[in-house]
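>>> Make a model of this:
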Amino acid sequence: MREVFAYGTLLSGEPNHSILEVLLGKTQFVGTAITKPEFRMFTQGWFPYVTWERKVSSHAAVAHKNGYPIHGEVYSVDAATLASLDRLEGVPHHYVREQIEVTMTNEGATINPSGQSRAVDIYLYLGDTSRLREITSGNWKENKTTGSAD
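Residues are numbered from 1 along each chain as shown. Here you go, the predicted structure:
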């Protein structure tokens, strides 16, 4: 089993969450979490893209400033589910799956208490973000609720 960090349409209540729900039994919700402040979130309006604060393209390193934590949910998935998620995300052409460390934010949880660190996989966008709107809160659900244009 691998743990995957969901930050957009795979979150509970979002359109692609049904992929995880259909695979119930092969997928387990671990809890809510945040990344280190090493990332940036962008959108074109329908779903988010997350990149490293410092993104390396095939031509040169592009330094981004002001990384921030990304808010999301952690799911434990089997190998078949992980392969399905890779196909959904367009790995390796549109996204790359990388292992990062997150901090659990489950207030009052006993199994995965708040403050616990975990190694998880995250999908990071490989494309150009120059024409996308940035979501500096790092929180896709909050952005959709408030409609804020950070």
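
>>> Name the single longest helix found in the chain.
Ranked by residue count, the top helix of the chain under DSSP state H comes out as helix 79-89.

>>> what's downstream of the helix or strand of the chain with the lowest mean pLDDT, the next helix or strand?
Ranking every helix and strand in the chain by mean pLDDT, DSSP states H and E puts strand 61-63 at the bottom, with a mean of 47. Sequence order places strand 71-77 as the next helix or strand after strand 61-63, per DSSP states H and E.

>>> Quick one: mean pLDDT for that following strand?
Taken as a whole, strand 71-77 has an average pLDDT of 93.

>>> And stretch 132-143, by the same measure?
Stretch 132-143 shows a mean pLDDT of 93.

>>> which residue sits closest to the residue sitting nearest the centre point of the chain, ignoring its sequence neighbours?
In the chain, the residue lying closest to the centroid (Cα atoms, centre = their mean) is Y7, at 3.4 Å. In space, and not counting its chain neighbours, Y7 is closest to G72: 3.8 Å by Cβ to Cβ, 6 or more residues apart in numbering. Bear in mind the C-beta positions are built from the backbone N, C-alpha and C, glycine included.

>>> My guess is that neighbour contacts I34. True?
Yes. Using Cβ atoms under 8 Å, G72 is in contact with I34, at 7.5 Å.

>>> can you list the weak-confidence ranges in this protein?
Scanning the chain with the threshold set as pLDDT under 70 gives 22-25, 54-65, 107-113, 145-150.

>>> tell me the strands in it, going along the chain?
Using DSSP state E, the strands of the chain run over 2-6, 27-35, 39-43, 48-52, 54-56, 61-63, 71-77, 95-104, 117-125, 133-134.
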